[in-house]
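Chemist: here are the coordinates; sequence isn't available:
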């Protein structure tokens, strides 16, 4: 059995889970509502304050879908209660970030400022000039938008300039040395 797939999901107070036909799951909580169609082969049961996921047979595809379905459901429950956030750091001389309404303006050493508009359901804040915080209830959207911001200027290995996740470690390289 899938160790992750077997674990029941505890539903905290103030959160409602509705399971419609074709495994269309709606999770409502204090931070908002999330909807997702999960794999139809999986059997999702709501028993009191827990949700369990079971698989019909032990085919390789079913085994892989089992853990995935449970994790997606758990992420939905965590999202509507606590939400998700990713922190990015802007490193480099003259590199900075600022917020203009719903637009994030990045100065990254290009000849023009890079402007990015916040997607629906995602909140972006800037602490100081070099820390960007991406928050939201959908883990997938938060991670995707953070990755898009990072892709505007990925960190380089010599000086570490660019946009990196706050917990990311950049493997540094030694630069060229002069001829003796």
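Modeler: Nice, I can see it. Being a predicted model, the structure only gives us computed values, none of them experimental.
Chemist: pull the longest helix from this structure.
Modeler: helix 60-81 (DSSP state H).
Chemist: starting at the chain centroid, how far to the lowest-mean-pLDDT helix or strand in the chain?
Modeler: None of the helices or strands of the chain scores lower by mean pLDDT, DSSP states H and E than helix 3-6, at a mean of 87. Helix 3-6 sits 21 Å away from the centroid of its parent chain (CA atoms, centre = their mean, to the nearest Å).
Chemist: tell me the helices and strands packed up against the next helix or strand after it.
Modeler: Downstream of helix 3-6, the first helix or strand assigned by DSSP states H and E is strand 9-10. Counting by 3 or more CB pairs under 8 Å, 6 or more residues apart in numbering; DSSP states H and E, the packing neighbours recorded for strand 9-10 are strand 50-54, helix 60-81. From N, CA and C alone the C-beta is placed, and that goes for glycine too.
Chemist: so for strand 9-10, mean pLDDT?
Modeler: Mean per-residue pLDDT for strand 9-10: 92.
Chemist: what does stretch 65-81 give?
Modeler: Here the average pLDDT along stretch 65-81 is 93.
Chemist: re earlier: now tabulate the helices and strands packed on strand 9-10 in TSV and tack on mean neighbour count and distance to residue 38.
Modeler: Output for the helices and strands packed on strand 9-10, formatted as TSV (neighbours: other CB atoms under 10 Å; distance: least, CB to CB, whole Å):
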stretch	mean neighbour count	distance to residue 38
strand 50-54	18	8
helix 60-81	18	5
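Chemist: let me have those in TSV, extended by distance to residue 127.
Modeler: Output for those, formatted as TSV (distance: least, CB to CB, whole Å):
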stretch	distance to residue 127
strand 50-54	36
helix 60-81	22
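Chemist: give me the most central residue, this protein.
Modeler: residue 143 (3.0 Å; CA atoms, centre = their mean).
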